[in-house]
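J.: got a predicted structure here, sequence first:
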Amino acid sequence: MKQLCFLFLLFLLLQSTQAQRTKYNFNSDWKLSLQDDSIYAKKTFADSYWKNITLPYAWNEDDAFKKDIADLSTGIVWYRKHFRLPANAKGQKIFLEFEGIRQAGEFYVNGKFIGLHENGVMAFGFDITELAEFGDIENVIAVRIDNSWEYREKATNSKFQWEDKNFNANYGGISKNVYLHVVPKVYQTLPLYNNLKTTGVYVYADNYNIKAKTATVHAESEVKNESLAKLNITYEVQVSDKDGKIIKTFTGDKTMIAPGEIKTVKAAAAVNGLNFWSWGYGYLYNVQTRLTVNNITIDEVTTTTGFRKTEFKNGMIYLNDRVIMVHGYAQRTSNEWPAVGLSVPAWLSDYSNGLMVESNGNLVRWMHITPWKQDIESCDRVGLMQSMQAGDAEKDVEGVRWEQRKAVMRDAIIYNRNNPSIIFYECGNESISDAHMQEMKDIRNTYDAKGGRAIGSREMLDSKVAEYGGEMLYTNKSAHIPMWAMEYSRDEGSRKYWDDYTPPYHKDGVGPLHNGQDASAYNRNMESHAVENVKRWFEFWNERPGTGKRVSAGGVNIVFSETNTHHRGVDNYRRSGEVDALRIIKENFYANQVMWDGWVNPEKQHIHIIGHWNYLPGVKKDIYVVSTAAKVELKVNGTSLGFGTKSDGFLFTFKNVAWQLGNISAKGYDEKNTVVCSDQLTTVGEPVALRLKSIKRPTDFIADGHDLALVEVEVIDAKGSRCPTALNMISYTLDGPAVWRGGMAIGPDNYILSQQFPVEGGVNRFLIRSTTSPGEIKITATADGLKPATLTLTTTPFVTEGGLSKILPSAGLPSNLQRGPTPATPSYTITRTPINIIKATAGAHADSAFASYDDNELSDWVNDGKLNTAWIEYDLERAATVSEITLKLNNFRSRSYPLRITVDGKEVYKDSTPKSLGYCTLICKPTKGKKVRIELVKETISAATTTGMEVNGKKLDDGVGRNDANAKGTLSIIEAEIYEKL
């Protein structure tokens, strides 16, 4: 009888799996009300008059870039959705997955309260099996959302640290994707720890052999039995490549799982012929994990992932056995667009993140809070490494707020641990204690011990626990854990302003002061902004792998695209981007593209002339060229102006070049005088017409009520060339099934949602949103005195049934494989040999002299403030021909030290040190010896500058914590390095 009961239960179980696990797109057919009433939770409430929307949708999206971040609309709103579940889903489990909301939500299904979510960052889920109706019976979900800046967690009465009006733009509501899952009663869980307390599937690899293209692939699934049967389960894994070809099938655990039991099953096997995920090579695999009973599949989960090898050692980052120096962007996690906020379709995420790779960026550091899953998966596809935050504001916290941060880190790791592009976990925007870092590390080790990800934080320069660190603006080096700058160029420059000689003639620093500061750092034009980016990057690259035992692992520039956060100057948004808010490229994009085309050293020769060639007669100006070449020649209409003055590694300056109608060209030469790269600018004719074009996308423009088209408008001359100085006002009309979301330009309310706004530099863009009706859309652009332009777009149908669709938001999006696999060649060459210091003596405080060469940038040696004690002498491990000395001196950004250096008593250097972002290298007269003495020859005076001030008036660190600003006879060395040439 027991055997018959078991067989009957097994029969029922296998019957229930015929509908198989299904993941539905749950974004369609929602309704929105900006009112608050408890009656809205009831299933029977009549909501037909509410606004129809498609998720993701921030209810205050109209504010994006129109208002200051602090003024973004807040309040309580309701979202509702009517849906039907297939009849064959009855008897299975029903889960809802929310990628995230802002800020807190109360959730109801069919009038019953199902739960609360409050952190405003992470994904979460609900089990609605017991409340769900099936077949023709309608279900209703209702969500009450509060996006108040002052929201407090109900259980603790504590605010969340990241509810911050500086960096976390408040796009309220259900602003991320939602899914509905139908799964069998015996199933692999979802990676949604919040509410469900489940961890899902974990896929990773080890035992890599990069050259042989092999690795051991591991899969682990948390399995839950909610059936009435005790089952013997077999765990099977199938790995398929990007073309769907099965490359490996293997079997793991066979286990008995009782009703109500949760177990983790595992499998592993060596896999050959792997294509490893890499920078600009988003190669992904589908890993199917199956539960079978008697050779019948009862549950199958597909995990899209990639395999790559990482190491973090000797101060360097290794990806697939090749050293990679970080160069990329610190991007606000909101990653927002005008009049839309963060809630863009998946193809537009790929477009934006893909532009980072096109600029030769290799990493994005999402700031302060975890990015949404759509951006994480996008980085997988485009081949962009990520540093994934948890949730924080600044510095360490205690008590409830620390527990909140740990909870978000735990949830984020579980949710995102299968995404290969995540290389770093950042568990604090700045300086958490080693005890707290260990707690975060323990979370990583519990849920992602094998994922090949370093965990750390900004600062952490002397941590014994963190696996990476680095300051905000300055150069750090290490012989141990990688140190990379986490937002190194914070200057701002609007796309509207080319230079001092182009309408509207904006000079650096013009505009209102912020907190009384010199405005030149945050009110630049495009030319000076690009030049500054070159100077900043060179300081990191100058300390790159290959330059010694202690090296910089690179740095990321803040920000990639303009952001509606933490602004300075006259505009209500930050203009630090390499692209503007509509992702139109600025000049500093091209500067980065030139310098960053390599893993450490540039591996391809590039050149870019900054600016345009449409000036007025009589203009004479400096011309700047960014190039990897050894030298650069400039010509005007074929007449050579000679070779430019090289500085900052990649910058060539040509002084007082007179404008002439025609063209200006630049050629880059290598050390053998061979031309290796060239660029040219030509004078463009008078504006005669407009041109409209839709930014290319890989998928159809679909009529789902959420999809967006990005359209570009240009002012062109008779030859079809863009007029780079045009500032014409353009008017638009829109006909057909679409909603105008518009563009952006400097002006009243930044022209948000307006159907009339100007081009800047001859170009602008705008967004239009599909409706749920497919059809033809006609856009017409007109401007006084110019031939109009027309563009026709067509939206394709999007089929839903009962509010559900099997077409997921990222369906059809391809991977970017443009850069190809990780090169097998070394990424750097050794340029000089470090000579170890074995001991030091000093004029004062000799007992701390070792701190000047201890590979700890939070310690230093300093004398007692008297000029006659301002010396230190180093004993070298061997007699060496000293040719260079690299120093990090306290107050390096604001102070210059007049130094004399001797080797065995012979003077090899006497000059004042340059100010820097950290390190300076002093070129010495090559002299052999074993003792190096550095002494201050006269008193120093700090520069009277506010360059080291943040927008809120806070002093930014430029050395150790001690303030030496008025210490005239003080010599303070944080790190000293002695080198000889190869």
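T.: Here it is on my side, so go on.
J.: so Ile978 sits against Glu877, correct?
T.: No: assessed by CB atoms under 8 Å, Ile978 is found out of contact with Glu877, at 9.7 Å. Every C-beta, even on glycine, is put in place using the N, C-alpha and C of the backbone.
J.: need the residues touching each of the two.
T.: Ile835, Ile837 (CB atoms under 8 Å, 6 or more residues apart in numbering).
J.: between these two, which is the more surrounded one?
T.: Ile978 (23 against 12; other CB atoms under 10 Å).
J.: chain neighbours aside, what residue packs nearest to the more buried one?
T.: Ile835 (4.5 Å; CB to CB, 6 or more residues apart in numbering).
J.: what residues does that neighbour make contact with?
T.: Going by CB under 8 Å, 6+ apart, Ile835 touches Leu876, Glu877, Arg878, Ala880, Val882, Ile978, Tyr979, Glu980.
J.: and the second one, that one's in a strand?
T.: Yes: read with DSSP: H, G, I helix; E, B strand; the rest coil, Glu877 is one of the residues of a strand.
J.: burial count for the nearest residue to Trp541 once chain neighbours are set aside?
T.: Closest residue in space to Trp541, ignoring its immediate chain neighbours: Gly649 at 6.2 Å, by CB to CB, 6+ apart. By the criterion of other CB under 10 Å, Gly649 has 16 neighbours.
J.: for Gly649, give its distance to Tyr208.
T.: 34 Å (CB to CB, to the nearest Å).
J.: which non-adjacent residue is nearest Arg152?
T.: Arg152's closest residue in space is Lys159 (CB to CB, 6+ apart), at 5.5 Å.
J.: just give me the residue closest to the centre of the chain.
T.: Geometric centre of the chain, nearest residue: Val364, 2.7 Å, by CA atoms, centre = their mean.
J.: quick one, strands of the stretch 501-650 of the chain?
T.: 554-558, 607-609, 620-627, 631-636, 639-643, 645-647 (DSSP state E, counting those that start in this stretch).
J.: let me redo that: the stretch 751-900 of the chain
T.: 756-758, 763-770, 775-783, 786-797, 832-835, 837-842, 861-862, 871-889, 898-903.
J.: reformat those strands as CSV; add distance to Ala269 and mean pLDDT.
T.: Listed next are the strands of the stretch 751-900 of the chain as CSV, based on distance: least, CB to CB, whole Å; pLDDT from 0 to 100:
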stretch, distance to Ala269, mean pLDDT
strand 756-758, 58, 98
strand 763-770, 45, 98
strand 775-783, 51, 98
strand 786-797, 41, 98
strand 832-835, 44, 96
strand 837-842, 50, 97
strand 861-862, 55, 97
strand 871-889, 48, 97
strand 898-903, 59, 98
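J.: so after the helix or strand of the chain with the lowest mean pLDDT, what's the next helix or strand?
T.: Here the helix or strand of the chain ranked lowest by mean pLDDT, DSSP states H and E is helix 2-16, holding a mean of 49. Using DSSP states H and E, the helix or strand that directly follows helix 2-16 along the chain is strand 22-25.
J.: state the mean pLDDT of that following strand.
T.: Strand 22-25 shows a mean pLDDT of 98.
J.: for that strand, buried residues please.
T.: Of the residues in strand 22-25, Lys23, Tyr24, Asn25 count as buried by neighbour count, 16 or more other CB atoms under 10 Å.
J.: wait, doesn't the last one sit right on Tyr179?
T.: Yes: counting by CB under 8 Å, Asn25 touches Tyr179, with 6.7 Å between them.
J.: which residues are common contacts for the two?
T.: Joint contacts of Asn25 and Tyr179 (CB under 8 Å, 6+ apart) are Leu808.
J.: show me the shaky parts of the stretch 201-350 of the chain.
T.: By pLDDT under 70, the stretch 201-350 of the chain has no low-scoring segment.
J.: so where do the helices sit in the chain?
T.: Assigned by DSSP state H, the helices in the chain fall at 2-16, 346-358, 373-382, 399-416, 434-447, 526-541, 587-595.
J.: between the ones you listed, which gets nearest to Ala811?
T.: Among the helices of the chain, helix 346-358 comes nearest to Ala811, with 8.3 Å by CB to CB.
J.: report all helices and strands that that closest one contacts.
T.: Applying 3 or more CB pairs under 8 Å, 6 or more residues apart in numbering; DSSP states H and E, we find helix 346-358 packed against strand 326-332, helix 373-382, strand 708-716.
J.: figure out how far stretch 603-617 is from the centre of its chain.
T.: Remark: stretch 603-617 is offset 28 Å from the chain centroid, using CA atoms, centre = their mean, to the nearest Å.
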